[in-house]
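Asker: The following block contains a protein sequence and its predicted model.
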Amino acid sequence: MTNKLKPNWTGDDLLSRFVNLLIQTKPIYQVMKRQARQVMIKTAEKNGVHWRQTYQELESSGAKGLLSDITNPSVGYPDYYRKPFHAYEEGDLCWQAAFEAIPATYVRALRVWPQENLSGESAYERLLGNFYQVLDEYSPSLVKDVLDMGCSVGMLTFPLHRYYCQRQKTKVRTVGLDLSPYMLAVAKTVDVNGDISEWIHANAEKTGLPENSFDVVTLKSVLHHLPRHATRNVFQEALRVLRPGGCLAIFDQDPRSPVLQNLPPALFVLLKSTEPWLDDYHTFDVEAAMQEVGFQYKTTVASDPRHRAIVGIKPS
Ligand SMILES: C[S@@+](CC[C@H](N)C(=O)[O-])C[C@H]1O[C@@H](n2cnc3c(N)ncnc32)[C@H](O)[C@@H]1O
């Protein structure tokens with residue numbers, strides 16, 4: 001066991017700087033990127049996650065036809081967002097990233113319990129189940145409006161909507177918001193019953209949504225995609241759109257996780273090569289930032305072996 005605050009392959013440690021140097025060497029980076037992608041696809045196929053099939057189904061689904069409708073032409077893309085992510089040169093701004101987001105989410109969930117022979121879907125359900133326990137404890141007793149910021153293709157938005165509808169025993173208004181219109185076009189395609197009230201193309205730093213209009217705001221696996229100044233802005237915006245007593249619930253990598261701290265070198269090098277803001281995230285005091293913008297910090301829970309849930313409440 002280890003009590004370190006973060007892995008020594010992130011931040012300013014010697015090991016971290018050495019890995020960064022490798023990644024900054026273009027030909028080495030290209031090889032790593034390809035390798036990272038192959039590892040994902042291999043894990044998927046070995047574990048019954050239908051990577052290629054999902055891609056093909058979405059490609060022929062008509063999602064592409066939704067792009068112009070869903071795109072808000074007044075939305076600009078900050079520099080931090082235009083970096084390559086997850087081995088996609090155009091980051092989240094491309095169809096390949098959007099068509100692979102569902103199987104990639106299952107593969108990441110499988111990595112949480114590698115010894116347990118779970119399917120991708122059941123690993124993901126388990127991961128969300130642990131997050132719901134935290135949500136249940138800190139959400140206001142009456143939840144009418146839920147906002148999933150950085151919703152991507154809706155891998156949290158849909159189950160979150162079902163979770164709150166069951167909890168409240170009534171229909172809840174759930175909104176998904178993301179900066180990638182490609183991801184949103186896929187989300188809308190998957191939302192065949194129109195369960196989600198709106199899929200909004202916007203920057204979570206400045207959503208344009210009315211103030212005091214949501215009871216819960218979620219940020220799942222978004223913070224490690226942001227530099228710290230953007231995270232602060234997103235917190236400020238979450239505080240503005242939440243009603244007093246409303247809850248901001250974060251789910252993301254846990255820098256204190258012994259599993260992450262002891263990742264084999266081959267894996268942490270691949271991980272870093274596909275996540276440009278990981279050093280910033282692992283060295284950022286998320287709880288302090290939340291409090292600085294005005295949230296009442298409630299808890300940080302290691303919700304599974306790799307992730308933590310963090311909750312803040314907007315003071316009444
Ligand atoms: C790793 S994905 C997580 C998606 C989803 N929450 C999930 O858990 O499956 C990160 C998402 O955050 C979105 N994102 C990153 N920066 C954003 C910003 N400033 N505003 C809105 N969305 C953003 C990306 O487009 C991407 O879809």
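Answerer: Received, thanks. Residues are numbered from 1 along each chain as shown.
Asker: Would you map the helices across the stretch 151-300 of the chain?
Answerer: 157-168, 181-190, 228-241, 258-261, 265-273, 278-282, 286-293 (DSSP state H, counting those that start in this stretch).
Asker: which stretch among the ones you listed comes nearest the ligand?
Answerer: helix 181-190 (4.7 Å; CB to the nearest ligand atom). Using the backbone N, CA and C atoms, a C-beta is placed for each residue, glycine as well.
Asker: quick one: the closest one to helix 157-168, angle?
Answerer: Angle, helix 181-190 to helix 157-168, by axes from the mean of the first three to the mean of the last three CA atoms, to 10 degrees: 50 degrees.
Asker: Out of the helices of the stretch 151-300 of the chain, which gets the lowest mean score?
Answerer: Per-stretch mean pLDDT for the helices of the stretch 151-300 of the chain is lowest at helix 265-273 (a mean of 76).
Asker: ok, back up a step: can you tell me which of the helices of the stretch 151-300 of the chain is most buried?
Answerer: helix 181-190 (a mean of 25; mean count of other CB atoms under 10 Å).
Asker: In contact with the nearest residue to residue 10 once chain neighbours are set aside, which residues are there?
Answerer: Nearest non-adjacent residue to residue 10, counting by CB to CB, 6 or more residues apart in numbering: residue 282, 3.8 Å away. Applying CB atoms under 8 Å, 6 or more residues apart in numbering, we find residue 282 in contact with 6-7, 10-11, 224, 253, 255.
Asker: and the stretch 101-250 of the chain, which residues reach the ligand?
Answerer: Residues of the stretch 101-250 of the chain lying close to the ligand by CB under 6 Å from any ligand atom are 105, 150-152, 155-156, 178-180, 183, 203-205, 220-222, 225-226, 230.
Asker: For the ligand, what's its nearest residue on the stretch 1-150 of the chain.
Answerer: Of all residues in the stretch 1-150 of the chain, residue 150 sits closest to the ligand, with a separation of 3.1 Å (CB to the nearest ligand atom).
Asker: Out of the contacts of residue 282, which one has the weakest pLDDT?
Answerer: Least confident of these in the model: residue 11, at 82.
Asker: so it sits right up against residue 283, yeah?
Answerer: Yes: if you go by CB atoms under 8 Å, residue 11 and residue 283 touch, sitting 4.3 Å apart.
Asker: between the two, who's got more neighbours?
Answerer: Ranked by neighbour count (other CB atoms under 10 Å), residue 11 and residue 283 place residue 11 first, with 19 against 16.
Asker: Double-check that that one belongs to a helix.
Answerer: No: membership of residue 11 in a helix is not supported by DSSP: H, G, I helix; E, B strand; the rest coil, which gives coil.
Asker: gap between it and residue 19?
Answerer: For residue 11, the distance to residue 19 (CB to CB, to the nearest Å) stands at 11 Å.
Asker: and if you look at residue 146?
Answerer: 38 Å.
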